[in-house]
Every structure is written in C-alpha cells, then in structure tokens.
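sharing a model that was predicted from the sequence below.
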Amino acid sequence: MSSMDRNPYLNDDLMALAEHARRFATERVAPGFLERDHTRVLDRDLMREMGQMGFIAPELPEAFGGQGMGSLAAGVLHEEIARADLSLSYINLLASLNGQILSEHGDPAVVSPWLQRLTQGEALLAIALTEPRGGSDAAQLRLRVERVGQEYVINGEKTSISAADQADGIVVFGRTGSTDSGAHGVTALFVPTDVPGLTRNRFDCHGQRAIGRGSLFFENVRVPVQHRLGDENKGFVQVMQGFDFSRALIGLQVLAVARVALEETWAHVAQREAFGKPLASFQGVSHPLADFDTQVTAARLLCWQTLWLKDHGLPHTSEAAMCKWWGPKLAYDAIHACLLMFGHGGYDRGLMEQRLRDVLGFQIGDGTAQIMKSIVARSRAGRQAVGI
C-alpha cells in the first residue's frame, strides 16, 4: 500500500484484511461501477459474494453470524468497498448500522435468523426515520404505532429512505406516546417488507443510484410485539446510539472516494503537460491538491480514532459527529477540484463525475452538517447552553 494507506490504528491482521478487500473491490466491484449507476440495479450476486467472504458486518458477535472482529474491521472493509463504488458500499453501511441495532436491542428469537442472512449477503436491511414533515428534528415523528393485543399496528409514511424499494427488512421508528412527548414517545420496530399493507416507491436521485432512495407507506401494517427493538417509548433514545458508529463509517466511506480521486489526479497532473511542463509543476495545480490531500488524511485519521474509541468503550459521540459533517463536505470539495483538473474529461459522464454525485447525498442524509455541529457544541458547552 502507498503512504496514504499507512494507519496507526490498524494492526497487521487488519492491514492484511484491507489488502484482501482491496483486491476483491478492484477485481469484482469496480468493473460494474458505471453500469450500476446507469441501470440502478444492486447486484445481489455480488452482495452474496461479499457475505461468503466475511465482508459484511464482521464486528457482529459470532452467535449472530459475524466474526467478533470489532468496529475497526468494519471500517477497513467499508473503506475498501467504497473506493470502488460508494453506492455498493451501502451494503456494508446498512448492515453494520442495522446489525448493531438488532443484535443489541432485538429479541434473539426474531433477529438471529435475520442477522445470519444479513452477514451472508442474503438480506438487505434499511432504516426508516425521516418523514415528509422533516428529518433533522427526529423527535417530531408522526408515523403512528399502536399496540393492539400482542401486535403493533403501523400507519403513516417514511421518506428519503435508502434502499427503500430493495430492502428485505426495515428498522422503523414510530410514535407510540403522545405528540408532545418528543423523543421519549418513540418506539423502534423491525418490519419485514413482505408484510401486508406496506407499499414502496423509488426516487430518481442525483447519485447513489444503485442503492436508491424512496418512500414507505404503512397502512394498518401489523407486526408481533416481539419485533420491538428496545423498550416501548424509548426506541429513539436507545436505538439512535448506534448512529455514532455509522457516522464514523460514513466519514471513511466518502473519504475513500476522495482518496482514490486524488490518487488518480496526482498521476494525471504529473503526466499531462502545458507550456512544455507537467501540470504538477504549476503551484496553482499542485498546491490545491496538496491542501486537499492534507485535509483528507487528517479527516480519515479522525474517523479511525472514532472507531478505536468505540472498540475501547470510550465516549465518541462528538468525534462521530465531526466525521459526519466534515467528511462529506471535504470529500465533495476534493473530488470537485479533481474533476476540474481533468478538464472536459472529468466533466464527461464517467468515474469522476459519478463520484461527485455519489458523495453529495451525504451532506443531506443521515444528519446534516448543522445538526452534527450542534452535537459537537452540546458536548462542549452543555445541552442547556446550546438549547438543543
């Protein structure tokens, strides 16, 4: 690996895992990158291959189909798949986020078979939080969940849900308490997508087109009480803790795309000439790339530090929020600069412009920069001072 790949948080075993995943991503994932964006079809056979190789949610306990390898191992695999195709690396992101939620908060009798399928690449799980009236203020959820005997009945709509029309099961957040109970009246449920009363659609998104986004419509959807994740009325408070993990993974995901874009651009400006000299000899070209190279390296180390803190049972909420707001913005800006360095060749539909489209979505989904900065401010100044 190059000097950019040296990592003080990874031991020899994890570095070997990274090499193994890099070869797989280069040989199997990268060749279909452009085609999947065009067809908007997620390759289920490729997902099963990833599962067979142990590349999906390796951090889960062995009892649930994982390998008990920790969060850093999940980051290693996530980063390498994202280098080849950010949209396909959603398989890793959704598996790690939902896998942690199900394994920690679900009834083992219900979730164990699903987790086995998840890690084997036989099932894709989604998470449904955002609603039409808003996403950032998640405590204002309106999707209604009512208990009727030994079942929960769900009515309402979720929107902008990744893999909405492709998922086999969904972690759904809905309101069981009163509308003025805020985050303390929300319950999380696991809902298989083949239940009666659930319909789905798909948006025509700017990027991340192989995984896609869409809406979910619940009309008297019923699931057993055993499908509840965590305690009733406490799902938001309990289950949302898993988002610290996914925010660090998202940082690695988008920065991996920026890193490969920078690698290609450095090679390009070293070879292409203008006025009898390589483009890299002009400081107007090389200095901006050096700036982005520096910042991407630093942001990546922050993501690895966050996963290291998680593996050691140490607080990492503010660090995770930093990864989530800084990583997507930095990745987009870096790839944008790389695209311009390629001139018309970067602007034509292809690798660079698709990367730019793919990373942009993470400045919107999974928590905006403003919300992430509020989380950091709250950890520094205190919740009362910040007021959120």
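Right, received. Where do you want to start?

residue ranges with poor pLDDT in this protein?
For the chain, the stretches flagged by pLDDT under 70 are 1-5, 138-139, 349, 388.

ok, now with 50
Scanning the chain with the threshold set as pLDDT under 50 gives 3-4.

can you list the domains in it?
3-123, 126-233, 240-386 (automatic domain parsing).

in CSV, list those domains along with mean neighbour count.
(Glycine included, C-beta is placed from N, CA and C.) Output for these, formatted as CSV (neighbours: other Cβ atoms under 10 Å):
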stretch, mean neighbour count
domain 3-123, 20
domain 126-233, 18
domain 240-386, 19
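
name the element M322 belongs to?
helix 317-341 (DSSP states H and E).

just L189 next, same as before
Assigned by DSSP H and E, L189 belongs to strand 186-192.

contacting residues around the residue nearest to V260 when sequence neighbours are not counted?
The spatial neighbour of V260 that comes closest, neighbours along the chain excluded (Cβ to Cβ, 6 or more residues apart in numbering), is R83 at 4.9 Å. Shown in contact with R83 (Cβ atoms under 8 Å, 6 or more residues apart in numbering): 22, 25, 256-257, 259-260.

likewise F342?
Taking Cβ under 8 Å, 6+ apart, one finds 265, 268, 352 in contact with F342.

which element follows the helix or strand hosting the second one toward the C-terminus?
Assigned by DSSP H and E, H268 belongs to helix 243-271. Following the chain from helix 243-271 toward its C-terminal end, the next helix or strand by DSSP H and E is strand 273-274.

C-terminal to that next one, what's the next element?
Following strand 273-274 toward the C-terminus (DSSP H and E): strand 277-278.

on that earlier part again, of the contacts of R83, closest to T368?
V257 (19.5 Å; Cβ to Cβ).

touching, that closest one and A84? I think so.
No. V257 is beyond contact range of A84, at 9.4 Å (criterion: Cβ atoms under 8 Å).

if we can go back for a sec, any chance of the contacts of R83 in CSV with distance to A63 as columns?
Formatted as CSV, these follow (distance: Cβ to Cβ, whole Å):
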residue, distance to A63
R22, 29
A25, 28
A256, 30
V257, 34
R259, 35
V260, 36
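
from those residues, pick the one nearest H78.
A256 (7.9 Å).

what's the nearest residue to the closest one if we skip its chain neighbours?
Spatial nearest neighbour of A256, chain neighbours left out: A82 (4.1 Å); criterion: Cβ to Cβ, 6+ apart.

can I assume K158 sits in a strand?
Yes. According to DSSP: H, G, I helix; E, B strand; the rest coil, K158 belongs to a strand.

returning to that earlier point: pretty sure the residue nearest to A256 contacts V76?
No. Checked against Cβ under 8 Å, the pair A82 and V76 is beyond contact range at 11.1 Å.

state the next helix or strand along the chain beyond whichever strand or helix holds the residue nearest to V260.
Take DSSP H and E as the rule and R83 turns out to sit in helix 71-84. The helix or strand immediately downstream of helix 71-84 is helix 90-105, counting by DSSP H and E.

what's the next helix or strand along the chain from that next one in contact with?
Reading on from helix 90-105 to the C-terminus, the next helix or strand found by DSSP H and E is helix 108-119. Outside of helix 108-119, the residues within contact range by Cβ under 8 Å, 6+ apart are 51, 54, 56-57, 60, 63-66, 95, 98-99, 102-103, 123, 125, 168-169, 190, 224, 226-227.
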